[in-house]
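In: for reference, the sequence and a predicted model appear below.
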Amino acid sequence: MSVKVLIVDDHKIMREGLRSLLEKQPDIEVAAEAESAKEALKLVEEVKPDIVIMDVVMPSLNGIEATRRILAKIPTIKVIALSMYSDKRFVMEMLRAGASGYLLKDCAFEELDEAIRTILQDRTYITPRIVDIIVKDYFSQTEKPRSSALSALTSRQYEVLQLLAEGKTTREIARQMSLSVKTVESHRQQIISKLNIRSVAGLTKYAIREGLISPDI
């Protein structure tokens, strides 16, 4: 039986390259591709993949929150993060979200194939280049858990926060999320209240620090 894979990445050339390589494996089937985390959330229920190869930093909704939502829907799915970022905040947040693996985008295909085989055996695969990040975090006495304030946000508020941090206006957010402007304003006020951060600049800094968005966005 073939292993069904869903590829999630906002860059078409990345998706096409992965599909081409994966489909050369006789026991792997690329069931679908998604260019956004939101599209991925719909597709997992339609195609029911065994593995989701997930980009970490994507506009509107990042791979961390998408991983949480996917595993909340279908806990048996395995998620492999494939990212250009080796920063501790992205690695740790993806693992806390439930990812079974974390690789860097410049890895050789052989490593991705090894990761797939490893997590299918209910094991975790972390690229050797960032294992020291995990080890240091485990033994660190000063490591802080995920912000309790961030954990207090609802999924909608989390999404609004990311969009605000990306520089979207209230009207743009309302249009993108299919909500009324009034509802978005309400979410924004609740975010401000829960995080105690009054400015968009402050929210952006907070989002970067918590790994919601990349400093490059």
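Out: Received it, and whenever you're ready, just let me know what you need. Note that this is a predicted model, so its numbers are computed, not measured. Residues are numbered from 1 along each chain as shown.
In: quick check: Thr170 touching Glu185?
Out: Yes. Thr170 is within contact range of Glu185, at 6.1 Å (criterion: Cβ atoms under 8 Å). Where you see a C-beta, it was placed from the backbone N, CA and C, and this is true even at glycine.
In: now the common contact residues for those two.
Out: Residues touching both Thr170 and Glu185 (Cβ atoms under 8 Å, 6 or more residues apart in numbering): none.
In: now do the same contact list for the residue positioned nearest the centre of the chain.
Out: Taking Cα atoms, centre = their mean, the centroid of the chain lies closest to Gly63, which sits 1.3 Å from it. Gly63 sits next to Val8, Ala37, Met54, Asp55, Val56, Val57, Ala81, Ser83, Met94 when contact means Cβ under 8 Å, 6+ apart.
In: list just the nearest of the residues you listed to Ser199.
Out: Closest to Ser199 out of the contacts of Gly63 is Val57 (22.7 Å), distances taken as Cβ to Cβ.
In: return the distance of the closest one relative to Val181.
Out: Here Val57 is placed at a distance of 27 Å from Val181 (Cβ to Cβ, to the nearest Å).
In: higher neighbour count, these two?
Out: Using other Cβ atoms under 10 Å as the criterion, Val57 and Val181 rank with Val57 on top: 19 against 13.
In: model confidence for Pro145, exactly?
Out: On pLDDT, Pro145 comes in at 51.
In: same question, Lys182
Out: 93.
In: that one is in what secondary structure piece?
Out: If you go by DSSP states H and E, Lys182 is part of helix 181-195.
In: what's the first helix or strand after that helix?
Out: helix 200-209.
In: could you check the angle helix 181-195 makes with that following helix?
Out: Between helix 200-209 and helix 181-195, the angle comes out at 70 degrees (axes from the mean of the first three to the mean of the last three Cα atoms, to 10 degrees).
In: list the buried residues in helix 200-209.
Out: Buried residues in helix 200-209, counted by 16 or more other Cβ atoms under 10 Å: Leu203, Thr204, Tyr206, Ala207, Ile208.
In: which of the residues in stretch 52-70 are buried?
Out: If you call a residue buried by 16+ other Cβ under 10 Å, then stretch 52-70 has these buried ones: 52-58, 60-70.
In: and Leu6, that's in a strand?
Out: Yes. Under DSSP: H, G, I helix; E, B strand; the rest coil, Leu6 sits within a strand.
In: please name the residues that touch the nearest residue to it once chain neighbours are set aside.
Out: Nearest non-adjacent residue to Leu6, counting by Cβ to Cβ, 6 or more residues apart in numbering: Pro49, 4.0 Å away. Listed by Cβ under 8 Å, 6+ apart, the contact set of Pro49 reads Lys4, Val5, Leu6, Ala31, Ala32, Leu43, Ile77.
In: ok, those residues vs Thr127, which is closest?
Out: Distance to Thr127, by Cβ to Cβ, is smallest for Val5 among the contacts of Pro49, at 18.2 Å.
In: state the number of residues packed around the closest one.
Out: 25.
In: how about low-confidence regions in this structure?
Out: Applying pLDDT under 70 to the chain flags residues 133, 136-149, 215-217.
In: ok, 80 please
Out: Applying pLDDT under 80 to the chain picks out residues 1, 89, 131-151, 200, 208-217.
In: domain ranges for it?
Out: 3-139, 148-209 (automatic domain parsing).
In: Ile70 sits in which helix or strand?
Out: Assigned by DSSP H and E, Ile70 falls in helix 63-73.
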